[in-house]
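Colleague: return atomic coordinates for the entry below.
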Amino acid sequence: WQSRGNVLGELGRHLEALADYAEAIRLDPSEPKHLVNRATSLAALGRVQEALDDFESALELDPLASFALSRRADLWAELGEFERACADLQRALELEPDSPALRCGLGRARTLNGDLFGALDVLNLALERAPEHAPTYSARGIVLSELGRYEEAVVDQTIALQFAEVAAALEPGGGDGPYLATILNSRAISLRQAGEIEAALEDFARVIELDPTSALYHHNRGLAHGDLDFPSHDLDLARQDQERALRLDPDHVEARLELGRLQLEASELEAALESFAHALRLAPELAEAHAARGEALEALGRSGEAIQAYGEAIRLDPGNPFHFLSRGQAYERTRQINASLDDFTHAIRLSEGTFASAFSSRGVAKYNSDDLPGALADYSRAIELEPEEPIYWRNRAEVWGDLGDEEQAAADEAAAEALDELEGK
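Modeller: Here you go, the predicted model:
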């Protein structure tokens, strides 16, 4: 009964599997594995509380059942209860300290819980004990990428891929394509973040070849195609990928949001606004979508509504300086100078004084309110932070001119023109 239930579960026929597991439990009520297997199928059917009850019953039968703790941790992670997932995996690892899978799982759970350095410690130790465990290299690569250590991440993901490809070559039929796609996708993301867009696109092409029905992979490749920092970016290809992702999964929020951004870039303002509204219907608490909607509303000249949209983004994500910058700029455009100054100052405070755009924007607001010394100080700080940005030099030149210092004004204008020429080349 248990074996047939397992096969049915692997086929996704969980209702049928439940009947077999129930019979296995009836025949052998003291075996915790039957309860754990039934819990897994219950979870797959969305019957979460029943699944949790079965996991608890299994652990009452055998408090040392590490497999029950591991499976329950998977469910906690799916529910977003990452601390509970970490706790279960830690207990399981204490019972099986030599298990690379459990140690890797704990590293992943800590990553999801935002404890990146704790995850890195766990995964480093895991690789010391099991240096050929491909999933651990992949998991550590993800952590390194989150920490901004993209080159190291690419190295780890390449090692994971090599081990996985060797294992796949030894299996009948060529092995696990979806698993290889997962590793390649992670490497492609790290390559993109490292600025290696061509290499990232090559990986994404392989990913989609291995798993062409994944909306996520098309979305990720679309992000690479549309990366404006890449000289050969292609917004048409980016759009095709996002539209393909949405054909595969119409409720893919990130693809819907990115399509809206591409429509905004193409000045298809009403279409962009509808894409952002669709994203918000799917995820009303998504601050990014509210902020993007604000941009579209501003482009349509609906500044009052844009300010409200930015306000909602701030309510949902009050630690994001970009939302305050956007609302401040909307306030400044509608001549609400004091409100704009407050928002720019808040953005600067949140960024601990390192947000050049916020200093520049506050400089504009101060200039428009005739605070020339304040504008001069803010433009100077923006230049200090981003000396390669010509507009900051040009704005400061204007202030120097109004203050009567033509020599300084000419020097700043010359610096701006030199940067323009460099950018043109």
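Colleague: lowest-confidence helix or strand of the chain?
Modeller: Here the helix or strand of the chain ranked lowest by mean pLDDT, DSSP states H and E is helix 2-10, holding a mean of 87.
Colleague: now for that helix, which elements pack on it?
Modeller: On a contact count with 3 or more CB pairs under 8 Å, 6 or more residues apart in numbering; DSSP states H and E, helix 2-10 meets helix 14-27, helix 32-44. C-beta here means a position set from N, CA and C on the backbone, and glycine is covered the same way.
Colleague: run through who's touching the longest helix along the chain.
Modeller: Of all segments of type helix in the chain, defined using DSSP state H, the longest is helix 150-170. Here helix 150-170 makes contact (CB atoms under 8 Å, 6 or more residues apart in numbering) with 132-138, 140-142, 144-145, 174-177, 179-180, 183-184, 186-187, 190-191, 193-194, 196.
Colleague: so, low pLDDT: which residues of this protein?
Modeller: Within the chain, the stretches with pLDDT under 70 are 170-176, 425.
Colleague: whichever of the contacts of helix 150-170 end up buried, select them in PyMOL.
Modeller: Selection of buried members from the contacts of helix 150-170 for PyMOL, criterion 16 or more other CB atoms under 10 Å:
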select buried, resi 133+134+135+136+137+138+140+141+142+144+145+179+180+183+184+186+187+190+191+193+194+196
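Colleague: among the contacts of helix 150-170, which lie within helices?
Modeller: Per DSSP H, helices hold the following members of those: 134-138, 140-142, 144-145, 177, 179-180, 183-184, 186-187, 190-191, 193.
Colleague: go ahead and name everything in contact with stretch 108-126.
Modeller: Identification of contacts with stretch 108-126 by CB under 8 Å, 6+ apart yields 73, 77, 82-83, 85-86, 89, 100, 103-104, 106-107, 133, 136, 139-140, 142-144, 146-147.
Colleague: try 6 Å this time
Modeller: Contacting residues not belonging to stretch 108-126 are listed as 82-83, 85-86, 89, 100, 103-104, 106-107, 136, 139-140, 143, 146-147 [CB atoms under 6 Å, 6 or more residues apart in numbering].
Colleague: just the buried members of the residues you listed?
Modeller: If we count by 16+ other CB under 10 Å, these have these buried: 82, 85-86, 89, 100, 103-104, 106-107, 136, 139-140, 143, 146.
Colleague: quick check: the spatially most distant residue from the centre of the chain vs A397, distance?
Modeller: Farthest-out residue of the chain from its mean C-alpha position, per CA atoms, centre = their mean: G404, at 48.7 Å. Counting by CB to CB, to the nearest Å, the separation of G404 from A397 is 13 Å.
Colleague: then E31?
Modeller: Distance of E31 to A397, computed by CB to CB: 80 Å.
Colleague: more neighbours: which of the two?
Modeller: A397 (22 against 16; other CB atoms under 10 Å).
Colleague: tell me how many other residues surround the spatially closest residue to the more buried one that is not a sequence neighbour.
Modeller: Distance criterion CB to CB, 6 or more residues apart in numbering; nearest residue to A397, sequence neighbours excluded, is D412 at 3.6 Å. D412 has 24 neighbouring residues, counting by other CB under 10 Å.
Colleague: also N338?
Modeller: Using other CB under 10 Å, N338 is surrounded by 10 other residues.
Colleague: for it, what is the enclosing helix or strand?
Modeller: helix 337-350 (DSSP states H and E).
Colleague: and for that helix, what's in contact with it?
Modeller: So helix 337-350 is contacted by 321, 324-325, 327-328, 331-332, 355, 358, 361-362, 365, 369 (CB under 6 Å, 6+ apart).
Colleague: same question for stretch 405-416.
Modeller: Residues outside stretch 405-416 that contact it (CB under 6 Å, 6+ apart): 390, 393-394, 396-397, 400-401.
Colleague: mind checking how far that stretch is from the chain centre?
Modeller: Centroid separation for stretch 405-416 versus its chain: 42 Å, with CA atoms, centre = their mean, to the nearest Å.
Colleague: so what's E288 closest to, chain neighbours aside?
Modeller: L257 (6.4 Å).
Colleague: tally of neighbours for D420?
Modeller: Counted with other CB under 10 Å, D420 comes out at 14.
Colleague: how many neighbours does the closest residue to it other than its chain neighbours have?
Modeller: Spatial nearest neighbour of D420, excluding adjacent residues (CB to CB, 6+ apart): P390 at 5.3 Å. When neighbours are counted by other CB under 10 Å, P390 registers 19.
Colleague: then E78?
Modeller: Applying other CB under 10 Å, we find 12 residues neighbouring E78.
Colleague: for the closest residue in space to T40 that isn't next to it in sequence, what are phi and psi?
Modeller: Excluding the flanking residues, the one nearest T40 by CB to CB, 6+ apart is R71, at 5.9 Å. R71 adopts backbone torsions of phi -70, psi -40, taken as degrees, to the nearest 10.
Colleague: does R71 touch N37 like I think?
Modeller: No. With contact defined as CB atoms under 6 Å, R71 does not count as touching N37 (8.7 Å).
Colleague: returning to what we had before: contacting residues around the helix or strand just after the helix holding N338?
Modeller: Counting by DSSP H and E, the next helix or strand C-terminal to helix 337-350 is helix 356-368. Under the criterion CB under 6 Å, 6+ apart, residues 325, 329, 332, 337, 340-341, 344, 347-348, 374-375, 378-379, 381-382, 385-386, 392 lie in contact with helix 356-368.
Colleague: what angle do helix 337-350 and helix 356-368 make with each other?
Modeller: If you take axes from the mean of the first three to the mean of the last three CA atoms, to 10 degrees, helix 356-368 sits at 150 degrees to helix 337-350.
Colleague: and helix 356-368, how far from the chain's centre?
Modeller: Worked out by CA atoms, centre = their mean, helix 356-368 lies 30 Å from the chain centre.
Colleague: in it, what's buried?
Modeller: Buried, per 16+ other CB under 10 Å, within helix 356-368: 356-367.
Colleague: can you lay out those as a markdown table showing distance to V253?
Modeller: Conversion of the buried residues of helix 356-368 to a markdown table gives the following (distance: CB to CB, whole Å):
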| residue | distance to V253 |
| --- | --- |
| A356 | 30 |
| S357 | 27 |
| A358 | 28 |
| F359 | 33 |
| S360 | 32 |
| S361 | 29 |
| R362 | 33 |
| G363 | 36 |
| V364 | 34 |
| A365 | 34 |
| K366 | 38 |
| Y367 | 39 |
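Colleague: just give me the neighbour total for L237.
Modeller: Each residue near L237 was counted by other CB under 10 Å, and the total is 15.
Colleague: kind regards, and thank you for your time.
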